[in-house]
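1. heads up, no residue letters with this:
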RNA sequence: GGGCCUGUGGCUUAGCCAGGAUAUAGCGUCGGGCUUCUAACCCGAAUGUCGGGGGUUCGAAUCCCUCCAGGUCCGCCA
C-alpha cells in the first residue's frame, strides 16, 4: 500500500518535472513521503526552491488527490504528501488478516547458509550472532514469499576436527560420556591444544590424520565422524531452544567423496591465474588480492577453500540466489571465493558479514576455553525471566510461568542480538542481555499481550476500518509500513530494520494505549479503536514471529 | 606495513551506501503518572564539537582527501 502510493506519486512528479528521479524521501514528522526535487530544479529554473515547490504543488495537487487520495503541500522548499483516510482504511482491513505482510509467492529459489560453526565446542555468544542474523533473514525471505532452504555446512574434516579426534584417541576421553556432546568435545579440544602447544612435533600426527581422512581411510573417517555427530547433536538442541532450524546439514567431506573437489581443482589448474608449484594456488593480484589463494597443499590434500568452492558451485547449480552469513574474520577468504567463482563463470554468493562479539576481558576463543556458551546464556536468561514472571504473575502455576519465562528469555536474546547493525562489533554485556525493558524483545511481546488482553475483554464487536485523530492515524500508518519493511530487509539483507520497526510499532501502540481509551469509548469509537487494536495485535504478532519470537497472548 | 569495519550526549544505539526540514531511541539523571483497557508501561526536562582537520555542494552525520583511536584479516587453519 505504502509503496504503491509512493510509486504513483513518483510517476506524477517525474512526468511533471521531466526529471528521471522524483527525489522522494522520508517525510519524517512532516509528511508520509516528501520530495526534495525543488532544490535540484533551482538552478535550471533560476527560481528559489520554495517558489518552485509551490508551483509544483499547484500543478500536481489534483492529480495526486485523484490517483492516491493524498494531500500535497509545499512547506518551504519541500513538496509534502500526506496520505488520506482511504489509505488508513485499506491498510487496516488488510492488517487484521492472518499472514499480514506476506509477499506474493516467488519462483526464485534461495539457499541461505548460517551458523556453520566448527564442531569443536559449543556455540557461543559470538556464533549465535551469525545464527540470529541468518534465521531472521530466513524468516523474512519466507515472509516475502521466497522458497528458501537453510543449510548448515559441517566442517567434518578440517584441522580442528583432526585435533578433536586425536585428543579422543590419546587423552583417554570417553566419547560416549553422559551430557551434552558439544561441551564434552570442547573439553577434549581445549586439552588437546594444550598438549600440542607443549610439543609441536605432535602436529605431524594431526597432519597424518588429515591425510588419512582425505584418502578415505574408513577407520579415520569414523574416528572423525563420531565426535562430529555428538557435537552437532548438541548444536541442534541449542538451536532448537532458540527457535532455529536448518533444513539440511551439508557435510564438507561429501565434496571430497563425490569427486567435486577434484573436478574443481582440475578446472582451477587450467585457469591462466593458476600457479602449479608444490601447491596449487591462484594468483588473484589482478582482482586486488595480494596473497596467493592456496587450494591444494604440497602433500596433495585439499585446503578448506577448495571444498568450499565445490560446495558453492553445487549451491549455484541448484538455487537461483545463494546467501552466506559469515563473521568478519572470513572477509578475505569470502571475497576470494566470490572472485574465484566469478572467474570460473559460476554463481558467486551474496555474503552478509558481521563483526565480532567479544567479552569485556577480550576476544573469545574456543581453543583457550574463553567463551560464554549459548547454553549458559539461555539458562541464565531463563532463570532471570522466571524471577520476573514470578513477581508479576504469582497466581500462575509453575508450568505456565516457565513457559512464559522461556519465551521471554529467547525473545530477549534474539532481539538484543538482531537489533544492532552487523557492521558494529559488540562487547557482550550481561546487564543488557538480561534487560527486559525498553528496546527489548519482551517489551514488544508485552505490547502484543496488552492488545490481546483488550480484545479478550472486548468480546465481539463490529469492525470499523477507519482511523480518526492523530493518535489513531499515526498508529495505522505505522502498521501500513510492515510490508515495506519486510521488502527492505530482503532487498538489503538487513534484518535489524525489522527489529527497529517492531519496537517503533510497540512504542506507538503504548502511547496510543495510554492516551486513548478503547473499551470505555462510546460505541462507534470503541469499534474503531478495537479494530485498530486488532490490526496492531496482528501486525505485532506477524513481526514477532518473523523475528523468531513467540507472540505471547499473556505475560 | 597493507586491506576491511567501526568511532554519533556519561553509557548503549538508529540514520551514512541512494546528501536536504529542529540528528533516532533506550539506559542512567531530574520531575510527574497505577481505586482507571496488563506500570515488562506512559508523559515531561536536562544532556550532542555526529573522532580531529581540510575539501565538494545552495545544503554534509551522510560524498572526497587526510590524520587519530579501537576491532579484524593478511596460515600449505577454518
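-> Alright, I've got the coordinates. What you see is a predicted model; the values in this text were computed from it and never measured.

2. RNA strand B contacts on the stretch 401-550 of chain A?
-> Counting by CB under 7 Å from any atom of the strand, the residues of the stretch 401-550 of chain A close to RNA strand B are A:404, A:408, A:419-421, A:423-426, A:432, A:436-439, A:442-443, A:446, A:449-450, A:452-454, A:457, A:492, A:494, A:496-497, A:500, A:507, A:510-511, A:513-520. The way it works is simple: take the backbone N, C-alpha and C, and place the C-beta from them, glycine included.

3. Which ones among the residues you listed map onto helices?
-> Within these, residues falling in helices by DSSP state H are A:404, A:408, A:432, A:442-443, A:446, A:449-450, A:452-454, A:457, A:492, A:496-497, A:500, A:507, A:510-511, A:513-515.

4. And for the closest residue to RNA strand B within the stretch 101-250 of chain A, the neighbour number?
-> With CB to the nearest atom of the strand as the measure, residue A:158 is the residue of the stretch 101-250 of chain A nearest to RNA strand B, at 2.7 Å. Residue A:158 has 19 neighbours, counted by other CB atoms under 10 Å.

5. so it makes contact with residue A:252?
-> Yes. With contact defined as CB atoms under 8 Å, residue A:158 reaches residue A:252; the gap is 7.4 Å.

6. Can you check which residues contact both of the two?
-> residue A:304 (CB atoms under 8 Å, 6 or more residues apart in numbering).

7. any idea of the pLDDT on the nearest residue to residue A:430 once chain neighbours are set aside?
-> Nearest residue to residue A:430, sequence neighbours excluded (CB to CB, 6 or more residues apart in numbering): residue A:380, at 7.6 Å. You'll see residue A:380 listed with a pLDDT of 96.

8. Where does residue A:380 sit, in terms of helix or strand?
-> helix A:374-392 (DSSP states H and E).

9. close to RNA strand B, is that helix?
-> Yes. Shown here: helix A:374-392 in contact with RNA strand B (CB under 7 Å from any atom of the strand) through A:385, A:388, A:389, A:392.

10. top of the residues you listed by neighbour count?
-> Within those, neighbour counts (other CB under 10 Å) peak at residue A:385, which reaches 24 neighbours.

11. That one contacts residue A:413, correct?
-> No. Checked against CB under 8 Å, the pair residue A:385 and residue A:413 is beyond contact range at 10.1 Å.

12. Tell me who's in contact with the residue nearest to residue A:370 when sequence neighbours are not counted.
-> Nearest non-adjacent residue to residue A:370, counting by CB to CB, 6+ apart: residue A:364, 5.8 Å away. By CB under 8 Å, 6+ apart, the contact list for residue A:364 reads A:124, A:125, A:126, A:357, A:358, A:370, A:371, A:372.

13. how about a cut-off of 7 Å?
-> Counting by CB atoms under 7 Å, 6 or more residues apart in numbering, residue A:364 touches A:124, A:126, A:358, A:370, A:371.

14. All the strands of chain A, residue numbers only.
-> Assigned by DSSP state E, chain A shows strands spanning A:24-26, A:33-35, A:71-75, A:78-82, A:110-113, A:148-154, A:248-251, A:274-276, A:280-282, A:293-296, A:321-327, A:350-354, A:357-358, A:426-427.

15. List the pairing partners of the last one within its sheet, with orientation.
-> Partner strands for strand A:426-427, per DSSP bridges, with pairing direction: strand A:357-358 (parallel).

16. and the partner strand, how far from the chain's centre?
-> Relative to its parent chain, strand A:357-358 has a centroid offset of 18 Å by CA atoms, centre = their mean, to the nearest Å.

17. what number of residues lie near residue A:391?
-> If you count neighbours by other CB under 10 Å, residue A:391 ends up with 8.

18. ugh, typo on my part, it should be residue A:411
-> 28.

19. pretty sure it is touching residue A:442, no?
-> Yes. Residue A:411 is in contact with residue A:442 according to CB atoms under 7 Å; the separation is 5.5 Å.

20. And the pLDDT for the closest residue in space to residue A:338 that isn't next to it in sequence?
-> Excluding the flanking residues, the one nearest residue A:338 by CB to CB, 6+ apart is residue A:348, at 4.1 Å. Confidence at residue A:348, expressed as pLDDT, is 96.

21. next one: residue A:174
-> 87.

22. just to revisit the earlier point, which of the contacts of residue A:364 are close to RNA strand B?
-> By CB under 7 Å from any atom of the strand, the members of those lying near RNA strand B are residue A:358.

23. Now, of the contacts of residue A:364, which are buried?
-> Buried subset of the contacts of residue A:364 (neighbour count, 16 or more other CB atoms under 10 Å): A:124, A:126, A:371.

24. could those be laid out in CSV, adding pLDDT?
-> Formatted as CSV, the buried ones among the contacts of residue A:364 follow (pLDDT from 0 to 100):
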residue, pLDDT
A:124, 96
A:126, 93
A:371, 94
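
25. thinking again about what came up before, so how do I select the buried members of the ones in helices among the residues of the stretch 401-550 of chain A next to RNA strand B in PyMOL?
-> Buried residues among those (16+ other CB under 10 Å), as a PyMOL selection:
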select buried, chain A and resi 404+408+442+443+446+449+450+452+454+496+497+507+513
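
26. ok so, going back, do you know the pLDDT at the residue of the stretch 101-250 of chain A closest to RNA strand B?
-> With respect to pLDDT, residue A:158 has a value of 88.

27. count of neighbours near the closest residue to it other than its chain neighbours?
-> Excluding the flanking residues, the one nearest residue A:158 by CB to CB, 6+ apart is residue A:304, at 5.9 Å. Neighbourhood size, residue A:304 [other CB under 10 Å]: 14.

28. Could you double-check that residue A:304 lies in contact with residue A:157?
-> No. Judged on CB under 7 Å, residue A:304 makes no contact with residue A:157 at a distance of 9.0 Å.

29. ok now do the spatially most central residue of chain A, which residues does it touch?
-> What sits nearest the mean C-alpha location of chain A, by CA atoms, centre = their mean, is residue A:133, with 2.8 Å. Contact analysis of residue A:133 by CB under 7 Å, 6+ apart lists A:325, A:352, A:354, A:418, A:422, A:495.

30. So which of those residues wins on neighbours?
-> residue A:495 (28 neighbours).

31. Need the phi and psi values for residue A:464.
-> Main-chain dihedrals, residue A:464, degrees, to the nearest 10: phi -140, psi 100.
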